[in-house]
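Engineer: this is a predicted model, with the sequence first.
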Amino acid sequence: MTKSRLTPPFSIDERAALTIDMLMRVLAVCRASRRFTRITVVSPDETVLMIAEEMGAAPLRQESTGLNPALDEARADAMTRGAEAIMVLHADLPRLTADEIGGMIDLLGVLPAAVFAPDDTGTGTNALLLAPPDALPFHFGVGSFALHLGAAEARGLHHAVAHAPGIAGDIDTPDDVRRLVASGQ
C-alpha cells in the first residue's frame, strides 16, 4: 500500500497515511465528477479495499503481481460488466479535479479511441482512457507515455493527449510531497 520511493525520509506509517489520504481524495473527485457508472479500486491490500468500499467504490482484490497485470484484471472485470470504456487513474494524484476528468472524457472523439494524460515530466502516463476497454495494452512503468502513444499509433487508433496539471502532478518523490505541502493541499 505504501509508496516505497518515499523512503527515506518518511516512515512506513507516514507513507501509509499519505497513500490513504490521496486515495480518498481521488475517489471523492471521481464521485464528484459524476462521469462514471462504476468506480473500481484494484489492490492486494485489505485496508485499501475496505476504504474503497466505504467510499462507494467497488473493491477488486488483485490476484496478480504488478501494476499492468492488476489493470488487466480490472479491465476484464469491467468488460464482463459491459463497460464501453475505462479510465485508469492512479491514486497518487492529490491535485486531480473533476473538470480534468471531464476534459479527458470530452477529448475521446471518434471511437475506438484513447486519451492519455502525461505526468509532469512528460515520460509517464498518469491517466489513460480507452474506448473500448481493450483498445490498447497497458504499458505503465518507465517511459509509459511514449509506449502508450506508440501503441496507439501502431494500431491506427484515434488518440488525444490531455494536459492537466492535477493529473500531471503525481507524488513519486519526497520533493513532490514537499511541494504538495507547500501548496497547502
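Structural biologist: In hand now; what should we look at?

Engineer: wait, what's in contact with Ala52?
Structural biologist: Contact partners of Ala52, counting by C-beta atoms under 8 Å, 6 or more residues apart in numbering, are Leu23, Leu27, Val41, Ser43, Ala58, Pro59. Just so you know, the C-beta spots here come from the backbone N, C-alpha and C atoms, and that holds for glycine as well.

Engineer: how about the helices in the chain?
Structural biologist: In the chain, the segments counted as helices under DSSP state H are 12-33, 46-54, 67-80, 98-106, 144-155, 165-168, 174-183.

Engineer: tell me the mean pLDDT for the shortest one?
Structural biologist: In this case it means helix 165-168. Helix 165-168 comes out with an average pLDDT of 94.

Engineer: go on, the last one?
Structural biologist: Confidence over helix 174-183, taken as the mean pLDDT, stands at 55.

Engineer: picking that back up, which one of the helices of the chain lies closest to Pro112?
Structural biologist: Closest approach to Pro112 among these (C-beta to C-beta): helix 144-155, 8.6 Å.

Engineer: chain center to that closest one: distance?
Structural biologist: From the chain centre to the centre of helix 144-155 is a distance of 17 Å (C-alpha atoms, centre = their mean, to the nearest Å).

Engineer: what's the angle from that helix to helix 67-80?
Structural biologist: Taking axes from the mean of the first three to the mean of the last three C-alpha atoms, to 10 degrees, one finds helix 144-155 and helix 67-80 inclined to each other by 50 degrees.

Engineer: other SSEs contacting helix 144-155?
Structural biologist: With contacts taken as 3 or more C-beta pairs under 8 Å, 6 or more residues apart in numbering; DSSP states H and E, helix 144-155 sits against strand 113-118, strand 125-131, strand 158-161.

Engineer: nearest to Ala91, out of the ones you listed?
Structural biologist: strand 125-131 (10.7 Å).

Engineer: picking up where we left off before, wait, which of the helices and strands packed on helix 144-155 is closest to Glu73?
Structural biologist: So among these, strand 125-131 is nearest, using C-beta to C-beta, at 15.1 Å.

Engineer: this completes my enquiry, with thanks.
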